[in-house]
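Chemist: Just to be clear, the model below is a prediction. Sequence and coordinates:
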Amino acid sequence: NAGVTQTPKFQVLKTGQSMTLQCAQDMNHNSMYWYRQDPGMGLRLIYYSASEGTTDKGEVPNGYNVSRLNKREFSLRLESAAPSQTSVYFCASSGRGEKLFFGSGTQLSVL
Amino acid sequence: GNSVTQMEGPVTLSEEAFLTINCTYTATGYPSLFWYVQYPGEGLQLLLKATKADDKGSNKGFEATYRKETTSFHLEKGSVQVSDSAVYFCALRGPFSGNTGKLIFGQGTTLQVKP
């Protein structure tokens, strides 16, 4: 049972480059989330999708866009990467309960 | 607004020692409270939760009690093992966030247990 799968695991970008982080879940969950994890700050919610076809901003959405492609997939796009976006990114999903299931993360460095 | 504050780490203990990781929160109304654990190289996993005052969440020997009067949700374990070495996150879900995974996380506390 794969759970939540994120790709890539590691990425290095130059300032101004764009990229898309991919996330897929196989648990038939309605809700999906993107969090970023920074040292000393815990995790902060970037965007979430309560159900297929809907997306909403979280605490730190600036500089990001998301797409809920279907029920399984929720991608995060950086249109023009900045050094402040250097972080570890986690995708998560949840079903009817509030328990979050996390992927293993993407470590992104923006130079 | 809602916030969570955890004790700073790292916390270093010897095997079989008693563990306490402090967590306090600020929230309007009655939030739900959670502890998540992150093992090296992995995503976070739910460890335990409590949804109302005086509830005690427990799992794998860890416990935490929802204390409304002190706005706290401290994590405890009577005897830690090397395998408990991880980063522990306290989190809350505000009462107006519905039954969702929109959580406010603390900054995390690293626990290192030495044999």
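Modeler: Perfect, thanks for sending it. Numbers count the residues shown, from 1 in each chain, chains lettered A, B, ... in the order given.

Chemist: can you tell me the residue of chain B closest to chain A?
Modeler: residue B:43 (3.1 Å; CB to the nearest CB). The way it works is simple: take the backbone N, C-alpha and C, and place the C-beta from them, glycine included.

Chemist: Near chain B, which residues of chain A? Just list them.
Modeler: Residues of chain A lying close to chain B (CB under 8 Å from any CB of the partner chain) are A:4, A:31, A:33, A:35, A:40-45, A:48, A:50, A:58, A:90, A:92-94, A:96-100, A:102-105.

Chemist: Which parts of the chain are strands?
Modeler: Defaulting to chain A. A:4-7, A:10-13, A:19-25, A:31-38, A:42-49, A:56-57, A:64-68, A:74-78, A:87-94, A:101-102, A:106-110 (DSSP state E).

Chemist: That was the other one, I meant chain B.
Modeler: Assigned by DSSP E, the strands in chain B fall at B:3-6, B:11-14, B:19-21, B:23-26, B:32-38, B:44-50, B:56-59, B:62-65, B:75-77, B:86-93, B:104-105, B:109-114.

Chemist: Now tabulate the ones you listed in CSV and tack on distance to residue A:80 and mean pLDDT.
Modeler: Shown next, in CSV, are those (distance: least, CB to CB, whole Å; pLDDT from 0 to 100):
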stretch, distance to residue A:80, mean pLDDT
strand B:3-6, 30, 94
strand B:11-14, 39, 97
strand B:19-21, 39, 97
strand B:23-26, 35, 96
strand B:32-38, 30, 95
strand B:44-50, 29, 95
strand B:56-59, 42, 97
strand B:62-65, 42, 98
strand B:75-77, 40, 98
strand B:86-93, 30, 95
strand B:104-105, 27, 93
strand B:109-114, 33, 96
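
Chemist: would you list those strands in TSV and tack on distance to residue A:12 and mean neighbour count?
Modeler: Formatted as TSV, the strands of chain B follow (distance: least, CB to CB, whole Å; neighbours: other CB atoms under 10 Å in any protein chain shown):
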stretch	distance to residue A:12	mean neighbour count
strand B:3-6	30	18
strand B:11-14	32	14
strand B:19-21	34	18
strand B:23-26	35	19
strand B:32-38	23	24
strand B:44-50	24	20
strand B:56-59	37	14
strand B:62-65	37	20
strand B:75-77	35	20
strand B:86-93	24	24
strand B:104-105	26	23
strand B:109-114	25	16
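
Chemist: can you redo those strands as JSON lines with distance to residue A:20?
Modeler: Compiled in JSON lines, the strands of chain B are given as follows (distance: least, CB to CB, whole Å):
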{"stretch": "strand B:3-6", "distance to residue A:20": "30"}
{"stretch": "strand B:11-14", "distance to residue A:20": "37"}
{"stretch": "strand B:19-21", "distance to residue A:20": "36"}
{"stretch": "strand B:23-26", "distance to residue A:20": "35"}
{"stretch": "strand B:32-38", "distance to residue A:20": "24"}
{"stretch": "strand B:44-50", "distance to residue A:20": "23"}
{"stretch": "strand B:56-59", "distance to residue A:20": "36"}
{"stretch": "strand B:62-65", "distance to residue A:20": "37"}
{"stretch": "strand B:75-77", "distance to residue A:20": "36"}
{"stretch": "strand B:86-93", "distance to residue A:20": "27"}
{"stretch": "strand B:104-105", "distance to residue A:20": "25"}
{"stretch": "strand B:109-114", "distance to residue A:20": "31"}
